[in-house]
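>>> Next comes the sequence, and after it the predicted model I'd like to discuss.
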Amino acid sequence: MQLRLFALKAHCLQRRSKMANTTVLRVVGKTTAVSVTASSTTATLVEDQTNDQVNFASFLNTGAVAVAVKMGDANVGAAVLPVAGTPGDFLLPAAMTFPIVLACPTVPFYVRMIGAAAGPSLVYVTPVGDQS
């Protein structure tokens with residue numbers, strides 16, 4: 001009995017170490033570039049080029065200032081920078097070297113952004129889809 005239990009534990013540990021904890025993403029649309037200053041941008045359309053439902057987008061801020069991002073439909077409100085005591089929208093760090101992937105409304109969606117200073121910052125937005 002004890003030998004069987006040991007073999008079962010070993011089998012479970014072996015299976016657990018082989019499971020993937022990653023998601024494979026693929027580009028599913030053209031990259032949109034948004035020039036961001038210290039005032040909120042107008043709503044910019046992000047579209048995919050696939051028939052699949054897309055709920056993720058890649059963001060890359062190449063500018064020298066942090067940028068707040070707000071996503072939604074065509075009527076998305078102005079992006080707001082978070083300050084002490086007041087919440088704001090998602091903040092992209094300055095001078096990113098790798099993009100970050102965020103969950104987003106189903107593509108097509110709109111983005112509005114605002115920079116922490118005059119900048120300008122150039123932010124690249126690319127719709128990406130789950131391929132796994």
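The structure has been received and is ready for your questions.
>>> alpha carbons only for contacts and neighbour counts from here, please
Fine.
>>> dump the residue contacts of the residue most central in space within the chain.
Among the residues of the chain, the one closest to the centroid is L102, at 2.1 Å (CA atoms, centre = their mean). Under the criterion of CA atoms under 8 Å, 6 or more residues apart in numbering, the contact list for L102 reads 56-59.
>>> repeat for M71
With contact set as CA under 8 Å, 6+ apart, M71 has these partners: 104-105, 109-112.
>>> among those residues, which ones are buried?
104, 109-112 (16 or more other CA atoms under 10 Å).
>>> Quick one: end-to-end distance for stretch 60-73.
Distances were taken as CA to CA, to the nearest Å; on that basis the terminal residues of stretch 60-73 are 21 Å apart.
>>> circling back: looking at the buried ones among the contacts of M71, spot the one nearest T42.
Within the set of those, R112 lies nearest T42; the separation is 6.0 Å, counting by CA to CA.
>>> Show me what the helix or strand hosting that closest one is packed against.
Assigned by DSSP states H and E, R112 belongs to strand 109-115. In this structure, strand 109-115 makes packing contacts with strand 32-36, strand 44-46, strand 67-72, judged by 3 or more CA pairs under 8 Å, 6 or more residues apart in numbering; DSSP states H and E.
>>> Go ahead and measure how far the second one is from the middle of the chain.
In terms of CA atoms, centre = their mean, to the nearest Å, the centre of strand 44-46 is found 14 Å from the chain centre.
>>> After it, which helix or strand is next?
Along the chain past strand 44-46, the next helix or strand (assigned with DSSP H and E) turns out to be strand 56-61.
>>> Name the strands paired with that following strand and say parallel or antiparallel.
Paired with strand 56-61 in the same sheet, following DSSP bridges, are strand 100-103 (antiparallel), strand 121-130 (antiparallel).
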